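Participant: return atomic coordinates for the entry below.
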Amino acid sequence: MQPTDDPPTSTPRPPSVDALARSLRSTGLPQPLLVDVARRVIAERRVEDAAAEAEAVRRRLLQPVINGTGVLLHTNLGRAPLGYTAAATPTNLELRLADGRRGSRSDHVATLFARLVDADAALVVNNCSAALLLVLGAIAAGRGVAVSRGELVEIGGGFRVPEVMTQSGALLVEVGTTNRTRRADFERAVSTAGGDLAAVLKVHQSNYRIVGFTESVEVPDLVGLGVPVIADIGSGLLDAACPWLDGPPPSWLDGEPAARQTLAAGADLVLFSGDKLLGGPQAGIIAGRADLVAACAAHPLARALRPGGLVLGALQEVALAYLDRSAGNLPFWHMATLTVDELRARAGALGAGVPVDLAAVPGGGTLPGVEIPSAGVRLRGDHLDALRLRPPGARPIIARVRDGHTEIDLRTVDAADDGELGEALRELPA
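Facilitator: Residues are numbered from 1 along each chain as shown. Below is the predicted model:
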């Protein structure tokens, strides 16, 4: 065998972890995360993927986006948009300034909501499912709660009313049928259970509709059964009259239950969300009879389900806006009440895409099947990935595709973002 003159081959040495991490600083990620990326790609012998791996880590972080979907309360995008800043200073979160004693962190905001819906008392927890869990645990543990079979709903994430009731310790008493329930069904449940029925529960079908041969029992017809009436209206509309808006309530709100009117109709407790039609941060509000609210506040779960000071601060600003009737300026109500003509004018000024009339939706598990006239732009082809995966420093744009065209609905885009949006659209390939 003849000797070869070719030099022996060798695998290039990988860069040091520190050197590779330093080369990724343009992503803006903190050094420990860049070190994690560097170690991972070096160990897996794919150093060439380091930049893409770091970018994937950055994209997993919470960050602002532009919502061009036309879904006003987009659950995946945080539902109601709300800007709130607080100074880095102590607050009287659990201190009563009047006498210097310890107080309840919920009292400040809860009192405002009790006033808004004309309730004896109120309590704030971290979301509406928590509100239902707490109410049932406080007033119905070990006892029955009657619910129409047509209202045993499942909300986003697979959470179901029967399962929430089980966790609370309350016993589900199903009445009526899927499509038809009458007052007599509840009367039968009360008489059959004797003193073991703690309450009746009315759950708003906020994310679906049953149509056709149907019948349901509304709150006024549940009054007088001899047990408390709990109404979970979910979506967070405070007052059907919308006194914070100029002019009449939007027609797309027709038939949506409101907290103030639900209590006036005889409900003992009403439960609703903070981050839906209320336009605030994620929270759950319980309002109604003082003794029932006090039982909820005294329950051990109340501490586990309470929101933090930042949420309460933001919620207080929202409540004050409703009280001084300036809530029409909240981001949700502002975008919900823009005229189609305003949106058409903005679409024409973008300088990209074809201006078109569109249909927005409330979203967030509210008002199923309801559309709100809107306008935006349409581009040929599917550009979802290009708009969503923008480079560092540029906000992702979330759009929708319909019939092979990309649509940007301007009802859910802040007008201040039109410049960035137009530039991004003009950069897309034709």
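Participant: drop to CA atoms for contacts and neighbour counts, all remaining ones
Facilitator: Fine.
Participant: center of the protein - which residue?
Facilitator: residue 79 (3.8 Å; Cα atoms, centre = their mean).
Participant: distance of it from residue 276?
Facilitator: With distances taken as Cα to Cα, to the nearest Å, residue 79 is found 6 Å from residue 276.
Participant: any residues in contact with both of those two?
Facilitator: Residues touching both residue 79 and residue 276 by Cα atoms under 8 Å, 6 or more residues apart in numbering: 73, 364.
Participant: pretty sure residue 204 is touching residue 230, no?
Facilitator: No - using Cα atoms under 8 Å, residue 204 is not in contact with residue 230; the gap is 11.0 Å.
Participant: more neighbours: which of those two?
Facilitator: Neighbours around residue 204 and residue 230, counted as other Cα atoms under 10 Å, are more numerous at residue 230. The numbers are 27 against 20.
Participant: would you map the helices across the stretch 101-250 of the chain?
Facilitator: 107-117, 128-140, 161-168, 183-193, 219-222 (DSSP state H, counting those that start in this stretch).
Participant: over to the stretch 251-400 of the chain?
Facilitator: Using DSSP H, counting those that start in this stretch, helices in the stretch 251-400 of the chain cover 259-264, 290-298, 301-304, 309-323, 331-336, 340-349, 384-388.
Participant: low-confidence ranges in the chain?
Facilitator: Within the chain, the ranges that satisfy pLDDT under 70 run 1-11, 156-158, 206-208.
Participant: same thing but at 80, please
Facilitator: 1-12, 154-159, 194, 205-212, 214, 365, 430 (pLDDT under 80).
Participant: how about the strands in the chain?
Facilitator: Under the criterion DSSP state E, the chain contains strands at 66-67, 71-73, 121-125, 144-148, 171-175, 197-203, 229-234, 269-273, 284-288, 354-363, 372-380, 397-398, 400-402, 405-409.
Participant: any chance of those strands in JSON lines, plus distance to residue 56?
Facilitator: Converted to JSON lines, the strands of the chain look like this (distance: least, Cα to Cα, whole Å):
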{"stretch": "strand 66-67", "distance to residue 56": "19"}
{"stretch": "strand 71-73", "distance to residue 56": "26"}
{"stretch": "strand 121-125", "distance to residue 56": "34"}
{"stretch": "strand 144-148", "distance to residue 56": "46"}
{"stretch": "strand 171-175", "distance to residue 56": "45"}
{"stretch": "strand 197-203", "distance to residue 56": "41"}
{"stretch": "strand 229-234", "distance to residue 56": "35"}
{"stretch": "strand 269-273", "distance to residue 56": "33"}
{"stretch": "strand 284-288", "distance to residue 56": "34"}
{"stretch": "strand 354-363", "distance to residue 56": "28"}
{"stretch": "strand 372-380", "distance to residue 56": "27"}
{"stretch": "strand 397-398", "distance to residue 56": "17"}
{"stretch": "strand 400-402", "distance to residue 56": "22"}
{"stretch": "strand 405-409", "distance to residue 56": "24"}
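Participant: okay, residue 368 and residue 184: tell me how far apart.
Facilitator: Note on residue 368: its distance to residue 184, by Cα to Cα, is 28 Å.
Participant: repeat that for residue 25.
Facilitator: Residue 25 sits 69 Å away from residue 184, going by Cα to Cα.
Participant: for residue 394, same thing?
Facilitator: 59 Å.
Participant: do residue 104 as well
Facilitator: Residue 104 is 41 Å from residue 184, by Cα to Cα.
Participant: with residue 174 instead?
Facilitator: Applying Cα to Cα, the value for residue 174 to residue 184 is 13 Å.
Participant: got it, and residue 150?
Facilitator: To residue 184, residue 150 is 15 Å away according to Cα to Cα.
Participant: quick one: which of those two has more around it?
Facilitator: Using other Cα under 10 Å, the more surrounded residue of residue 150 and residue 184 is residue 150, with 22 against 13.
Participant: tell me who's in contact with the nearest residue in space to the more buried one that is not next to it in sequence.
Facilitator: For residue 150, ignoring the flanking residues on the chain, the nearest one in space by Cα to Cα, 6 or more residues apart in numbering is residue 178 at 4.1 Å. Applying Cα under 8 Å, 6+ apart to residue 178 gives the contacts 148-151.
Participant: what do you get for residue 140?
Facilitator: Residue 140 is in contact with 169-171, 198-199, counting by Cα under 8 Å, 6+ apart.
Participant: this completes my enquiry, with thanks.
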